[in-house]
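Engineer: Let me see the structure of the following:
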Amino acid sequence: MEKFRSFLRRKDIVISARRYGIDALGAMAQGLFCSLLIGTIISTCGTQFHLPFLNTIGDFASKMSGPAMAIAIGYALHCPPLVLFSLATVGSAANGLGGAGGPLAVLIIAIVAAECGKAISKETKVDLLVTPLLTIFVGVALSALLAPAIGRAASSLGRLIMWATEQQPFVMGVVVSVVIGIALTLPISSAAICAALTLTGLAGGAAVAGCCAQMVGFAVMSFRENRWGGLISQGIGTSMLQMGNIVRNPRIWIPPIVASAVTGPLATCLFKLQMNGPAVSSGMGTCGLVGQIGVYTGWVSDVASGAKAAITAMDWIGLILICFILPAIISWALALLLRKIGWIKEGDLKL
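Structural biologist: Model prediction:
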């Protein structure tokens, strides 16, 4: 057993929740962002400005989401070059066979294939042949055996959440908004979770609301400590920057969580805010305004398909209120109250 542990250490194979649930999951979201999400944005610009070459570029980028996710996962797992490059094939197979739940299939299968490839890497004199052969064989074989089932399971769970949100928009608006918002601030990827569950529709709108509440909330309530730099880095960057401060004083998390519990049901019940763009956008919030761009691309698609007559003023009002104004006001007011009663002290939110 000690020899086996020593072998794993030598190969940098760390079987842990952090390595797989945080590092790999976060990297997968970045791979998805750099392929499917960017491709969707480019295609939308092509459609809006009648520039067909942008649609072509966007299509190529979107089709590379499987390889991009797998390679990103391999990078997070510190794969050697031959393993890393071989994961392109694994990602393509897992994503293609996984269907709507492809991202979750890619996450699980790419991790297994990557670790198997790392284990055999440089252990033989024909490494150039053996390492990619084993990595690809394991990945594609697992894709054929497991990806359809993983994809169906993830897709079914996502559909269940979306169905429940349609049936109980208030309750599920609160639950989805709070849970996905918390996931965004934790060192895990809310974007990857939404992508894996294909979370769109009203549930996707609630997820957008929760993520925006965290980012905008922390940016505004910590303005006195962090000024404009903090406002920008948290407001269009990530609220994860506050994780260290949350560990030291969990009470600073109250205002953004309350804000998400308020804006979530408002999004689902009052404004009927839906994310009909890429599912990954549901978990991005105001990061690079990706959540808002995703909602807009969904509007455009719905208008083009006839599902929506037109983009209305109420659509824009709802988007601005849910994503920016209400989170800022609620979080600022609650933080002010918590400062007065001593639950938040000067410097607690300093980055």
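Engineer: C-alpha only now, for contacts and for neighbours.
Structural biologist: Will do.
Engineer: Determine how far the helix or strand where Phe218 lies lies from the middle of the whole chain.
Structural biologist: Using DSSP states H and E, Phe218 sits in helix 201-221. Its chain's average C-alpha position is 13 Å from that of helix 201-221, according to C-alpha atoms, centre = their mean, to the nearest Å.
Engineer: Mean confidence (pLDDT) on the next helix or strand after it, please.
Structural biologist: Remark: after helix 201-221, the chain's next helix or strand is helix 223-235, criterion DSSP H and E. In this model, helix 223-235 carries a mean pLDDT of 92.
Engineer: mind listing the strands for this protein?
Structural biologist: In the chain, no segments count as strands under DSSP state E.
Engineer: I figured Ser155 hits Gly101, correct?
Structural biologist: Yes - between Ser155 and Gly101 there is a contact at 5.1 Å, judged by C-alpha atoms under 8 Å.
Engineer: out of those two, which sits in the busier spot?
Structural biologist: Gly101 (28 against 23; other C-alpha atoms under 10 Å).
Engineer: Just give me the neighbour total for the nearest residue to the more buried one once chain neighbours are set aside.
Structural biologist: Nearest in space to Gly101, with sequence neighbours left out and distances taken as C-alpha to C-alpha, 6 or more residues apart in numbering, is Gly151 at 3.8 Å. Neighbourhood size, Gly151 [other C-alpha under 10 Å]: 26.
Engineer: List the residues that contact Gly151.
Structural biologist: Taking C-alpha atoms under 8 Å, 6 or more residues apart in numbering as the contact definition, Gly151 lies against 97-102, 104-105.
Engineer: One more pass at 10 Å, please.
Structural biologist: Counting by C-alpha atoms under 10 Å, 6 or more residues apart in numbering, Gly151 touches 94-106, 157, 196-197.
Engineer: Could you do Lys118 as well?
Structural biologist: So Lys118 contacts 8, 11-13, 74, 77-84, 112, 131, 134-135 (C-alpha under 10 Å, 6+ apart).
Engineer: which among the residues you listed end up buried?
Structural biologist: Applying a neighbour-count criterion of 16 or more other C-alpha atoms under 10 Å, the buried members of the contacts of Lys118 are 8, 11, 13, 74, 77-80, 82-84, 112, 131, 134-135.
Engineer: Go through those and say which is closest to Ser305.
Structural biologist: Gly74 (37.7 Å; C-alpha to C-alpha).
Engineer: isn't that closest one right up against Ala27?
Structural biologist: Yes - between Gly74 and Ala27 there is a contact under C-alpha atoms under 10 Å: 8.7 Å.
Engineer: Mind listing the shared neighbours of these two?
Structural biologist: Joint contacts of Gly74 and Ala27 (C-alpha under 10 Å, 6+ apart) are 68, 107.
Engineer: all helices of the stretch 51-200 of the chain, in order?
Structural biologist: 52-63, 65-76, 81-98, 102-120, 127-167, 169-185, 190-196 (DSSP state H, counting those that start in this stretch).
Engineer: In TSV: these, plus mean pLDDT and distance to Leu351.
Structural biologist: Output for these, formatted as TSV (pLDDT from 0 to 100; distance: least, C-alpha to C-alpha, whole Å):
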stretch	mean pLDDT	distance to Leu351
helix 52-63	92	35
helix 65-76	95	25
helix 81-98	96	35
helix 102-120	94	32
helix 127-167	94	35
helix 169-185	95	14
helix 190-196	87	22
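Engineer: mind checking which of those is nearest Gly347?
Structural biologist: helix 169-185 (19.1 Å).
Engineer: Alpha carbons of that closest one, as CSV, please.
Structural biologist: Taking Å, rounded to 0.1, in the frame of the first residue of the first chain, the C-alpha atoms of helix 169-185 are listed here in CSV:
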residue,chain,number,x,y,z
PRO,A,169,-41.9,29.7,-9.1
PHE,A,170,-41.8,31.5,-5.7
VAL,A,171,-40.3,28.6,-3.6
MET,A,172,-38.0,27.4,-6.3
GLY,A,173,-37.0,31.0,-7.2
VAL,A,174,-35.7,31.4,-3.7
VAL,A,175,-34.0,27.9,-3.6
VAL,A,176,-32.3,28.1,-7.0
SER,A,177,-31.2,31.7,-6.5
VAL,A,178,-29.7,31.2,-3.1
VAL,A,179,-28.0,27.9,-3.8
ILE,A,180,-26.5,28.9,-7.1
GLY,A,181,-25.5,32.3,-5.7
ILE,A,182,-23.7,30.6,-2.8
ALA,A,183,-22.0,28.2,-5.2
LEU,A,184,-20.7,31.2,-7.2
THR,A,185,-19.0,32.7,-4.2
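Engineer: Quick check: buried residues in stretch 336-349?
Structural biologist: 338, 344, 348-349.
Engineer: and Ile320, how many residues sit next to it?
Structural biologist: With other C-alpha under 10 Å as criterion, Ile320 counts 13.
Engineer: List the contacts of it.
Structural biologist: 292, 314, 326.
Engineer: ok, so what distance separates the last one from Arg224?
Structural biologist: By that I understand Leu326. Look at Leu326 and Arg224: by C-alpha to C-alpha, to the nearest Å, they are 19 Å apart.
Engineer: More neighbours: which of the two?
Structural biologist: Remark: of Leu326 and Arg224, Leu326 carries more neighbours, 21 against 15, as counted by other C-alpha under 10 Å.
Engineer: wait, the more buried one sits on Ser260?
Structural biologist: Yes - counting by C-alpha under 10 Å, Leu326 touches Ser260, with 9.5 Å between them.
Engineer: Find residues that contact each of those two.
Structural biologist: 209, 212-213, 217.
Engineer: For Ala119, list the residues it contacts.
Structural biologist: 7-8, 10-13, 79, 83, 113, 131, 135.
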